[in-house]
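Enquirer: When you get a sec, could you give me coordinates for this:
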Amino acid sequence: MQPWGREWWRLFLILVVTGGMGAWFDALSWGLCAGLAISLVWQLWQLRRFELWLMGRGPRLDEGRHDIWAEVAGQVLRIKRRSQKRKRRLSLILKQFLRSTAALPDGTVVLSADSRIVWFNHAAQRLLGLRSPHDTGQWVANLIRAPAFVRYLDDASYDQTVEIPSAHEPDTTLSLQIVPYGDDQRLLVVRDVSRERRLDQVRKDFVANASHELRTPLTVLSGYVEMLLDDVGRDHSAWAGPLTDMREQTVRMEQLLADLLLLSRLDESPRAAAMQPVDLTHLLRRCCAEGARVAADKVTIEAEIDESLVLRGVEGELRSIFDNLISNAVKYTAPGGKVRLKAARVGEGLQVEVVDTGIGIAPEHLPRLTERFYRVDGGRGRDQGGTGLGLAIVKHALQRHDAQLLIQSQQGVGSRFQCLFPAHRVLAVSALENCG
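Expert: Numbering: from 1, shown residues only. Take a look at the predicted model:
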């Protein structure tokens, strides 16, 4: 018989006995009440035994018994065994996770919702100079005090990494990124990128030195080609074509070297020095005039430039930014198309955008568009006389002015290049007068 069936039979028999005795004494109701009271006392006594058993201070209730309390005790034991099994499995997974993260070459720091350190591996201990268990529970910004990291932590925008010099190992550069996960927790991943940065510096030095060394022989070669064109080209028409091609290629090489040298100079420091007030309105009009000259009436250039726009920056670098953007727009816009430049204050900042009705760019190319020598269509770019460095120069020059470059494009419709300058770069017109 099932435990609940036995329990009902027990209650029924108690009530039959006590009811019969009550009927014998002509007090059936009192007999039934006495039976219910006896049953209640029995259940309360069993409940007390069950409580003592749960606390580990009483005998087991699931052995040698077949009542409802033995059934409940058995169910509790089965749940407890499943819980212990699941706990052992989770504990094993946790130990394996800790062992694997401890073996990672990258530093890993688990942060709480309020940016306090919960756990870190050996790599983080070595790279960041953390101490276990002393630093557990500390606010991470108290231990990593680099201003760039503190700003990164406060901004709560973790799509990008931030690089800081190591405070504990000289000549070491660390790359840090926070990855949100779980219930408002975050994972701080730390990598030693010193080798990559050293290799990158070697590459930059090589490009700069090679550009300097090539400039002189190329200038000599260009001079001889010009001389041959002047002296030989008129009398020997057969030589005119090859010499003209040679001149065009030397001019292209000179432009390439000039762009490489400019990029090397921009790479020397992330921020421009010798910032001065620049009359941006006048500068943009000059750039549009130069673009119109290059377009040669094939492409219409429209300008919508607010008066009295002044930026704190380096005029040569700003000129390079907008010359490259306008030049690219003209190159990749078919005859009869339009290029529009618009410059205006937007809120506290300033925005300059160049919009064209050109061939447009496929979405998969947009993320790599500002890489050195990256071309959407290599053959077309070379035919247009480009070096593949224009947008890389734009990006680096904008970064040195704390500005952003946003690119939108649709094939067959055109492209939009937006330069967003922050408020602290925007000056009043009186800054020009004071500078003058």
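
Enquirer: Would you map the strands across the chain?
Expert: 107-111, 117-120, 162-165, 173-181, 185-192, 276-279, 300-305, 310-313, 338-346, 349-356, 404-410, 414-421, 426-427 (DSSP state E).

Enquirer: mind giving me the domain split of this protein?
Expert: 3-81, 104-192, 196-268, 276-435 (automatic domain parsing).

Enquirer: quick one, what contacts the most centrally placed residue in the chain?
Expert: Geometric centre of the chain, nearest residue: residue 159, 1.7 Å, by CA atoms, centre = their mean. Shown in contact with residue 159 (CB atoms under 8 Å, 6 or more residues apart in numbering): no residues. Just so you know, the C-beta spots here come from the backbone N, C-alpha and C atoms, and that holds for glycine as well.

Enquirer: let's see it at 10 Å
Expert: By CB atoms under 10 Å, 6 or more residues apart in numbering, residue 159 lies in contact with residue 177.

Enquirer: Tell me which stretches of this protein form helices.
Expert: Using DSSP state H, the helices found in the chain span residues 3-24, 28-54, 68-103, 122-128, 140-143, 147-155, 194-231, 237-268, 280-295, 315-331, 378-383, 390-400, 430-435.

Enquirer: how close does residue 254 get to residue 190?
Expert: Residue 254 sits 44 Å away from residue 190, going by CB to CB, to the nearest Å.

Enquirer: Likewise for residue 70?
Expert: From residue 70 to residue 190 the distance is 57 Å (CB to CB).

Enquirer: which one of those two has more residues nearby?
Expert: Taking other CB atoms under 10 Å, residue 70 and residue 190 do not tie; residue 190 has more neighbours (24 against 18).

Enquirer: quick one: pLDDT of the more buried one?
Expert: pLDDT recorded at residue 190 is 92.

Enquirer: cool, residue 325 as well?
Expert: On the pLDDT scale, residue 325 gets 93.

Enquirer: can I assume it is in contact with residue 353?
Expert: Yes: contact criterion CB atoms under 10 Å: residue 325 and residue 353 qualify, at 9.0 Å.

Enquirer: give me phi/psi at residue 114?
Expert: Residue 114 adopts backbone torsions of phi -100, psi 20, taken as degrees, to the nearest 10.

Enquirer: so how far is the first residue of stretch 326-339 from its last?
Expert: Using CA to CA, to the nearest Å, one end of stretch 326-339 lies 8 Å from the other.

Enquirer: Stretch 157-175 too?
Expert: End-to-end for stretch 157-175, by CA to CA: 15 Å.

Enquirer: ok now that stretch, how far from the chain's centre?
Expert: 15 Å (CA atoms, centre = their mean, to the nearest Å).

Enquirer: Report the mean confidence score over that stretch.
Expert: pLDDT averaged over stretch 157-175 gives 86.

Enquirer: got the buried residues for that stretch?
Expert: 158, 162, 164, 166, 172-175 (16 or more other CB atoms under 10 Å).

Enquirer: now stretch 241-261
Expert: By 16+ other CB under 10 Å, the buried positions in stretch 241-261 come out as 243, 246-247, 250, 253-254, 256-257, 259-260.

Enquirer: and these as TSV, adding distance to residue 391 and pLDDT?
Expert: Listed next are these as TSV, based on distance: CB to CB, whole Å; pLDDT from 0 to 100:
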residue	distance to residue 391	pLDDT
243	32	77
246	28	82
247	27	80
250	24	82
253	20	82
254	20	79
256	15	79
257	18	80
259	11	77
260	14	78
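
Enquirer: quick one: which of residue 325 and residue 353 has more around it?
Expert: A count of neighbours by other CB under 10 Å puts residue 325 above the other of residue 325 and residue 353, at 26 against 19.
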